[in-house]
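# Attaching a predicted model along with its sequence, questions to come.
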Amino acid sequence: MLKLATLLDNPGEPRAESRYRNPKHLADLGYNGRVIYSTTALSGVERADSVGTGEMRRWVEQQFERHQQTISETHAAGLQVYITYDVLSLPRQLVERDGTTLTCKGRPEMLCPASETAVRRSTEALRALLQHWPQLDGVVLRFGDNDAARLPYLIGNDLYQPHCARCSQLGRVDRVANVLNCFHELVVNEFDKRLIARAWNVRPAGMHD
């Protein structure tokens, strides 16, 4: 049985100190895998310069370095490692450059779930992360919520709500299934890793279904 430990570190906020950050302690408790939640801050980000220059780029570089250390420490303790990845989420500078193909009409801050280009760019960014960290065992794909609003260099969407004529033509099931099919092809068929779909708020007021 796969038993995963997850610490919910909100991107951009200070990390709380906890003994549960020690992968050896997690292994002693019976966990055999660890989910790195704070990689949501890298959702849609192929590399550090994808977010621009200056302080934001340096912060993203630090995230890559910190997550590499966490991955290495976790594997050394004998645990599997999964990253959390939000869809849809892309770098702001990319969206501002190619916005008409990526966003809902009249909503420059909202990625369109019916945009094949937006889904493809999100998939390509995850491919870059899987190539950067080949030792990963899998991906927890989160939709229904994302952390893009917490970070100034990202723009996102929860997939559920239609916001323009293009995505309003797709039912909620179609919007979710399209994304799952694309990411299953990447994670499972191309990289032979495990894909876990983490759906939030599937039903109105359903909390974390």
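Cool, got the structure. Everything numeric in this text was worked out from a predicted model, so none of it was measured.

# Would you map the helices across the chain?
Using DSSP state H, the helices of the chain run over 23-28, 54-76, 92-97, 99-102, 116-132, 165-168, 172-184.

# Tell me which other helices or strands the second one touches.
Looking back up the chat, that one is helix 54-76. On a contact count with 3 or more Cβ pairs under 8 Å, 6 or more residues apart in numbering; DSSP states H and E, helix 54-76 meets helix 23-28, strand 33-36, strand 80-86. Any C-beta I mention is one placed from the backbone N, CA and C, and that applies to glycine too.

# Who is residue 103 paired with across the strands?
Under the criterion DSSP bridges, residue 103 forms beta bridges with residue 111.

# Run the chain-centre distance for the least confident helix or strand in the chain by mean pLDDT.
When the helices and strands of the chain are compared on mean pLDDT, DSSP states H and E, helix 99-102 comes out lowest with a mean of 84. From the chain centre to the centre of helix 99-102 is a distance of 20 Å (Cα atoms, centre = their mean, to the nearest Å).

# what sits up against that helix?
90, 94-95, 108, 111-112, 115, 117-118, 121 (Cβ atoms under 8 Å, 6 or more residues apart in numbering).

# okay, and for the protein, where does confidence drop off?
Along the chain, the parts satisfying pLDDT under 70 run over 202-209.

# Please repeat the previous calculation with a cut-off of 90.
1, 7-18, 52-53, 97-100, 105-109, 144-150, 157-176, 199-209 (pLDDT under 90).

# centroid residue for it?
residue 85 (1.5 Å; Cα atoms, centre = their mean).

# Contacts only, for that residue.
Neighbours of residue 85 in contact, by Cβ under 8 Å, 6+ apart: 39-40, 42-43, 126, 129, 139-142.

# try it again with 6 Å
43, 126, 139, 141 (Cβ atoms under 6 Å, 6 or more residues apart in numbering).

# Counting neighbours, what do you get for the closest residue to residue 56 other than its chain neighbours?
Once flanking residues are discounted, residue 56 sits nearest to residue 153: 4.9 Å by Cβ to Cβ, 6 or more residues apart in numbering. Using other Cβ atoms under 10 Å, residue 153 has 20 other residues around it.

# Same question for residue 13.
Neighbour tally, residue 13, other Cβ under 10 Å: 9.

# and the gap between the residue lying closest to it once chain neighbours are set aside and residue 64?
Nearest residue to residue 13 in three dimensions, chain neighbours excluded: residue 150, at 8.0 Å (Cβ to Cβ, 6+ apart). Distance from residue 150 to residue 64, counting by Cβ to Cβ, to the nearest Å: 18 Å.
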